[in-house]
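>>> sequence first, then the predicted structure:
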Amino acid sequence: MSAQPTEHRPVPGPPPMSTSHELRAALKVHGLPGDLEQFEEELGTADLDDLTAVRRITQHYRHRVLLRLDPVGSAAVGRSAEDVMAELRRRLAEAAR
């Protein structure tokens, strides 16, 4: 007899962010305070003929949403500089052994 499946809860994936409308909605729900306003300001002052700049801005804010939704990424962003420096010193000391 095969094992019976346990209750399966789907893991929510990231929200859709393929359009500027979807990215704005994701920033509103999942972004840090001020992210949506900063996105609007940066996009509003960008030269829309410079597609590289527009892409850089949209990718930056998409990644902010993805980091915010990733528990490991969110924890890493929230670490203090002192904590990171202490870990680096510890790893360097271990590597030197």
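Received it, and whenever you're ready, just let me know what you need. Just so we're clear, the structure is a prediction, and the values are computed from it rather than from any experiment.

>>> helices and strands of this structure: which one has the lowest mean pLDDT?
Scoring the helices and strands of the chain by mean pLDDT, DSSP states H and E places helix 71-77 at the bottom, with a mean of 79.

>>> which secondary structure elements does that one contact?
Helix 71-77 sits against helix 51-69, with contacts defined as 3 or more Cβ pairs under 8 Å, 6 or more residues apart in numbering; DSSP states H and E. C-betas here are computed from N, CA, C, even on glycine.

>>> for the helix it packs on, which positions count as buried?
Of all the residues in helix 51-69, those buried under the rule 16 or more other Cβ atoms under 10 Å are 54, 57, 58, 61, 62, 64, 65, 66, 68.

>>> which strands and helices sit next to it?
So helix 51-69, by 3+ Cβ pairs under 8 Å, 6+ apart, packs with helix 20-30, helix 35-45, helix 71-77.

>>> which ones are touching the residue nearest to residue 23 when sequence neighbours are not counted?
What sits nearest to residue 23 in space, not counting adjacent residues and going by Cβ to Cβ, 6 or more residues apart in numbering, is residue 17, at 4.7 Å. The contact partners of residue 17, taken as Cβ atoms under 8 Å, 6 or more residues apart in numbering, are 23, 26, 62, 65.

>>> likewise residue 35?
Contacts of residue 35 (Cβ under 8 Å, 6+ apart): 27, 61, 64.

>>> and the nearest residue in space to residue 67 that is not next to it in sequence, how far is that from residue 48?
Once flanking residues are discounted, residue 67 sits nearest to residue 73: 4.1 Å by Cβ to Cβ, 6+ apart. Separation of residue 73 from residue 48 (Cβ to Cβ, to the nearest Å): 30 Å.
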